[in-house]
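[1] below are the sequence and a predicted model; questions follow.
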Amino acid sequence: MNTKSYRQKSLQIGFVHLILVLGAVIMVTPFIWMFLTSVKTLGESTAIPPVFFPKSFRWDNYAKVFVNLPFFTFYWNTLITTVVKVVGQLIICSLAAYAFARISFPGRHFFFILMLSVLMVPGQVFLIPQYMIMKDMGWLNSLTALIVPGLFSAFGTFLLRQFFMTLPHELEEAAKLDGCNQFRIYWQIMLPLAKSGMIALAIFTMLWSWNDLMWPLIVNSSPDKMVLSAGIAFLEGEHKTNYTIIMAGSMMAILPMIVIFFVFQRSFIQGIAFTGSKS
Amino acid sequence: MRISSKRRSDWMWAYIMITPLMLGLLFFYIWPVFQTFYFSFTDWGSFGKYTWSGLSNYKRLLTDRDLLYAFRNTSIYIITAVPIGIILSIFLAVLLNQKVKGLSVYRTLYFLPVVTMPAAVAMVWKWLYNSDFGLINYVLGRLSIPGPHWLTDNRTALLSIIIVAIWSSIGSHMIIFLSGLQGISVSYYEAASIDGAGAFTKFTRITLPLLTPTIFFVMVTSLIGAFQVFDFIYMMVGDIVMESTQSVVFLYYKYGFLKNSKGYASSIAVLLFGIIMIITYIQMKIQKKWVHYE
């Protein structure tokens, strides 16, 4: 009797793994294909039937990406944009989030609702006026245009507020008795404790900034101010028929985020789970 | 006296702390909403000059065949991609919740598409879909199934994009469902076991009802996301989008930034806003009927 139920159990677990492995293959195949294509010769990439493994790895496809396009510049622009947005949001959002979560001040409710209302509006509603602002300020085709609107985030503030709310009230009582002002309480006591929230926000911002396509497409058209996502679109236009080069460029564009994901996996997954459970 | 001065200092700090955010939101987000409303009543000529044109953009919306197609496409996209994505990710989350070995490996692999740039990922899918050299049709061919011209055939182009959209979003939904599942107390299942309930009964009577708040959250967010699909369409089908794949946001982009018809594009944005508001409102109303909070 026991062996029967044991067999049934292991059969069941085997079945579960079968499905999960199948799913994982579907998830990963495009990445493997991207990599394999990126090191094939042009002939191998369009062979029928498809060639899975190239005879020799053609790393020079990667070098070719840099021939027609300032790919290093794309990288640099993407990196700067992302770093500045992450740092900016961490500062600006955490300041406001602390005030909303921890200080009762006249108008708190009003400002909070005002901030939340931004969350409910689809992004396209902002785009044309934002573009006009950038144009009027003379910021088109500059990194400023890529960065500035992304410094302010209602989502980020809401996320961090949720973290600040969970901290116990006793923490600031003592500090207040000692005569600490709110800024010092925020800076020295609360901020270090909201570390996991800050990391989650940093990751979200990083991801969105690095991967964003529409805004860079709209505000920057000159190659020296372009970012990777728009650069891939550009690359595709230049090399319509040479997928080995397009795949090499794509590989290079996605690699940094994959590396960061592997390093900060836990925080990524916690952050996603947190936004799901707190709303 | 002392208390009130302390309080005043608190208030002062609060205002200082929210000022950078509120100014930024006001200037780049809140004011633009009003501007878009205003622009939707204007007509744009060359050099960014615009004139008041009353309701003409809205009249045009009503008779625009392209927009009708875009709404049809977006609707098809939503009613297929959203439920299929949710069902698949619940299914995967339930499997992963069985304490299988290698949980973190599976989780990582399923999550990979979530963190990678849509523009780049769209490129490899375009290649996979290629009807001559693509891997998908090769595999289908080996199974003696004639593969379609995925992205260039009006009948399958939208489906192709839906498949990629589901593929790319399933990982994050799965994670959210997994954490929802882990929040369900084991005692419910133990009690059900004592009553002799089978796996299926447990799933439909315990798991699903207790997961409804999470399902609701994922539904609302993925619906709003689905309305705004752009990257995959832009990258895989391109500037000259076929009737069958043009989405509402793509049309907005086309009118606003390729055809420089920003007034009309603004009216599309207003319409989109209105529809998302209505749908979200309906969802909030209906949720009382099916979402169970413990």
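    Structure received.
[2] which other residues reach stretch B:44-60?
    Applying Cβ atoms under 8 Å, 6 or more residues apart in numbering or on different chains, the external contacts of stretch B:44-60 come out as A:132, A:135, B:39-43, B:260-264, B:266-267. C-beta coordinates here come from the backbone N, C-alpha and C atoms, glycine included.
[3] try it again at 10 Å.
    A:128, A:131-132, A:135-136, B:38-43, B:61, B:64, B:67, B:255-256, B:259-268, B:270-271 (Cβ atoms under 10 Å, 6 or more residues apart in numbering or on different chains).
[4] what ranges of chain A fall below the confidence cut-off?
    Applying pLDDT under 70 to chain A picks out residues A:1-4, A:276-279.
[5] where is the longest helix in it?
    Counting residues, the longest helix found in chain A (DSSP state H) is helix A:2-38.
[6] packing partners for it?
    helix A:42-45, helix A:60-68, helix A:243-263, helix B:65-96, helix B:103-115, helix B:118-129, helix B:135-142, helix B:157-182 (3 or more Cβ pairs under 10 Å, 6 or more residues apart in numbering or on different chains; DSSP states H and E).
[7] for that helix, which positions count as buried?
    By neighbour count with 16 or more other Cβ atoms under 10 Å in any protein chain shown, helix A:2-38 contains the buried residues A:17, A:20, A:23-24, A:27, A:29-31, A:33-38.
[8] SS state for the residue in the stretch 1-150 of chain A positioned nearest to chain B?
    Closest to chain B within the stretch 1-150 of chain A is residue A:129: 3.4 Å, counting by Cβ to the nearest Cβ. State at residue A:129, reduced to three classes by DSSP: H, G, I helix; E, B strand; the rest coil: helix.
[9] surely it meets residue B:39?
    Yes. Using Cβ atoms under 10 Å, residue A:129 is in contact with residue B:39, at 7.3 Å.
[10] coming back round to it: and the residue of the stretch 1-150 of chain A closest to chain B, what does it touch?
    Residues near residue A:129 by Cβ under 10 Å, 6+ apart: B:27-29, B:31-39, B:262, B:266, B:269.
[11] now, those residues that are in strands?
    The strands, defined by DSSP state E, take in nothing from these.
[12] what subset of these is buried?
    Among the contacts of residue A:129, the ones that count as buried by 16+ other Cβ under 10 Å are B:27-29, B:32-33, B:35-37, B:39, B:262, B:266, B:269.
[13] from these, which are also near chain A?
    Counting by Cβ under 10 Å from any Cβ of the partner chain, B:27-29, B:32-33, B:35-37, B:39, B:262, B:266, B:269 from the buried ones among the contacts of residue A:129 sit close to chain A.
[14] would you mind giving these as TSV with pLDDT added?
    Shown next, in TSV, are these (pLDDT from 0 to 100):
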residue	pLDDT
B:27	96
B:28	97
B:29	97
B:32	97
B:33	97
B:35	96
B:36	97
B:37	97
B:39	96
B:262	94
B:266	97
B:269	96
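[15] of the residues you listed, which is the nearest to residue B:184?
    Using Cβ to Cβ, residue B:29 is the member of these that lies nearest residue B:184, at 37.5 Å.
[16] and what about the closest residue to the closest one other than its chain neighbours, helix, strand or coil?
    Counting by Cβ to Cβ, 6 or more residues apart in numbering or on different chains, residue B:29 lies nearest to residue A:118, which is 4.8 Å off, once chain neighbours are set aside. At residue A:118, secondary structure determined by three-state DSSP is helix.
[17] residue A:146 and residue A:227 touch, don't they?
    Yes. Counting by Cβ under 10 Å, residue A:227 is a contact partner of residue A:146 at 6.7 Å.
[18] any shared contact partners between the two?
    Shared contacts of residue A:146 and residue A:227, defined by Cβ under 10 Å, 6+ apart, are found at A:77-78, A:80-82, A:209, A:212, A:215-216, A:220.
[19] so which of the ones next to chain A among the buried ones among the contacts of residue A:129 is the closest to residue A:54?
    The shortest approach to residue A:54 among those belongs to residue B:269, at 46.4 Å (Cβ to Cβ).
[20] tell me which stretches of the stretch 101-250 of chain A form helices.
    A:108-120, A:124-136, A:143-147, A:154-165, A:170-177, A:182-184, A:191-193, A:195-211, A:214-219, A:228-238, A:243-263 (DSSP state H, counting those that start in this stretch).
[21] among these, which is nearest residue B:187?
    Among the helices of the stretch 101-250 of chain A, helix A:154-165 comes nearest to residue B:187, with 27.6 Å by Cβ to Cβ.
[22] show me what that closest one is packed against.
    When contacts are defined as 3+ Cβ pairs under 10 Å, 6+ apart, helix A:154-165 sits against helix A:71-102, helix A:108-120, helix A:191-193, helix A:195-211, helix A:265-278, helix B:2-25.
[23] mind putting those helices in CSV, mean neighbour count and distance to residue A:13 included?
    Formatted as CSV, the helices and strands packed on helix A:154-165 follow (neighbours: other Cβ atoms under 10 Å in any protein chain shown; distance: least, Cβ to Cβ, whole Å):
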stretch, mean neighbour count, distance to residue A:13
helix A:71-102, 21, 42
helix A:108-120, 15, 42
helix A:191-193, 14, 41
helix A:195-211, 21, 33
helix A:265-278, 19, 23
helix B:2-25, 16, 50
